Structure formats: C-alpha cells, structure tokens
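S.K.: need the 3D shape of this:
(chains A and B)
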Amino acid sequence: MATNELRNQIRRLRFENGEMTQQQLADKAGVTRQTILAIESGKYAPSLPLAFRIANTFGVPLEDVFQYTNKNT
Amino acid sequence: MNRAQKIAWFNLIVVLTALILSGIAIAVLTFVVGQPLHKASAGFGFIGIIGLCGLTPVLFRKEKEQIEFDERDHSIHRKSSLAAYSIFWFLFVLAAMIPFFVLGPKGTISVKYLPAMVFGGMITVMIVQSIVTIEEYGWRNKDGDK
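M.R.: Predicted structure coming up:
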C-alpha cells in the first residue's frame, strides 16, 4: 500500500533564523500561530501559496522546507 | 483556543442546555404535573435559549490587526458546514419520506410539524457543525492544534 508523507524543516529553519518564534513566522506568512503549529507537527498540509510564503520567509527554496515522500509499504 | 473554537463550544453548550431543559420540562409536565403530551410540549419553550447563539458576534469579537481566520480555519469551516448540511439533508429527506410511507399518499399531517422541522434542522446543523469544528481543532488542546 502506498502512503504519502509531507515532511517539513520549519522547526529547524526557525531556530537557524535567529530562533524565530511560531508567532513571528505566522505573522510573516499571514496565518495564525495555530496553523504554523499544525503544519510544523505534520497535521496540516498547507496550500501551495502558503508553502511558498513560508519558504520565502526563510529565504530558501520550497524543497528545503517541505519534502514529499511516497512510500510503498 | 481561537475564536472559531470558542464559538463552537458556546453554541454546543447552549443548544445542548436548551434541549436538556426542554426534555426535563416536558418530562416534569407529563409525569409529575400529569398534563397530556400536547400541553406538556409547552416545555419546548426552553428551546428559545438557543437565541443566545445570536450573541456570539458580541461575545467573541474579532481582534483588529490580528490574523484570526486563515486557510486552515476556512478548510475546517468548510468541512464542518459540509458535514452539518449533509446530515441535515439526510434527516430532511427522512422527515419528508417517512410520513409518506407511513400514512400513504393520501395521508395528511398537521402544519404544526413544519416549524418543528425548521427548528430541528437548525439544531441539527448547529450541533453537527460545532462538534466537527471542535473535533477538527482537537477536543483537548486549547491551542487550536489537534
């Protein structure tokens, strides 16, 4: 059975960017802190525009923030 | 807990309180006071408590200059509305078709059941929408995270 998984590096990138808080990232990305929390913990898959906004906030390409894996189990 | 969660909890508590009080009132009027059921149905007056849900815009004001509703909230709102109106539609079809099959095509029912269908539908939508909203945000986590 194939399972899809969206992983992200938001937590690591936040700490590498001056220990940015979730609220600061949320304000820059234009969402609520709860949404950043949900994305960071893998419970919510953001829309493409939001994913790009988060990547732009860190100044890195999208694939450095989000990784999509398709596992066959 | 964000604004949508607070409103969902408030609506759920108000609607359930109204239903429970109505049930108790009807039971008391029927079994304790000894009123016939059509008179005991006055206990449904407690349903009026649901009107308190109209106060949510005042009780839970939007904060200015703060993002309160983003794409995830929209997604949860859409999901809860879809669930609520799907169940409402299912019950509405049952409410319309069951009398047809029970009473037959020439049967008649009192128009007093029409407002009951409207209120029943409204209550169903409010309960399902609130439960799905709370479930999507998470029952225990007060931070809006599931």
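
S.K.: which SS class is the residue lying farthest from the centre of chain B?
M.R.: Ranked by distance from the centre of chain B (C-alpha atoms, centre = their mean), the top residue is B:Lys106, with 32.4 Å. Assigned with DSSP: H, G, I helix; E, B strand; the rest coil, B:Lys106 falls in the coil class.

S.K.: identify the residues contacting stretch B:69-88?
M.R.: For stretch B:69-88, the surrounding residues in contact (C-beta atoms under 8 Å, 6 or more residues apart in numbering or on different chains) are A:30-32, A:34-35, A:38, A:44, A:46-47, A:50, B:2-4, B:8, B:121, B:124-126, B:128-130, B:132-133, B:136-137. For the C-beta atoms, the positions are set from N, CA and C on the backbone; glycine is no exception.

S.K.: mind redoing it with 6 Å?
M.R.: Contacts made with stretch B:69-88 from outside it, assessed by C-beta atoms under 6 Å, 6 or more residues apart in numbering or on different chains, are listed as A:31-32, A:35, A:44, A:47, B:4, B:121, B:124-125, B:128-129, B:132-133, B:136.

S.K.: where's B:Ile24, which helix or strand?
M.R.: Counting by DSSP states H and E, the element that carries B:Ile24 is helix B:3-27.

S.K.: can you name the element that comes right after that helix?
M.R.: Note on helix B:3-27: by DSSP H and E, the next helix or strand toward the C-terminus is helix B:37-40.

S.K.: next, the buried residues of that next one.
M.R.: Within helix B:37-40, the residues scored as buried using 16 or more other C-beta atoms under 10 Å in any protein chain shown are B:Ala40.

S.K.: what's the next secondary structure element after that helix?
M.R.: Helices and strands here follow DSSP H and E; after helix B:37-40, the next one along the chain is helix B:56-59.

S.K.: in that following helix, what counts as buried?
M.R.: Judged by neighbour count (16+ other C-beta under 10 Å), helix B:56-59 contains these buried residues: B:Thr56.

S.K.: which of the contacts of stretch B:69-88 scores worst on pLDDT?
M.R.: Checked by pLDDT, these have B:Ala4 as the lowest-scoring entry (88).

S.K.: contacting residues for it?
M.R.: B:Ala4 is in contact with B:Asp73, counting by C-beta under 6 Å, 6+ apart.

S.K.: okay, residue 21: pLDDT?
M.R.: Just going to use chain A. The predicted structure scores A:Thr21 at 94 on the pLDDT scale.

S.K.: if you could check chain B rather than the one you did, that'd help
M.R.: B:Leu21 carries a pLDDT score of 95 in this model.

S.K.: name the nearest residue to it, ignoring sequence neighbours.
M.R.: The spatial neighbour of B:Leu21 that comes closest, neighbours along the chain excluded (C-beta to C-beta, 6 or more residues apart in numbering or on different chains), is B:Phe46 at 4.0 Å.
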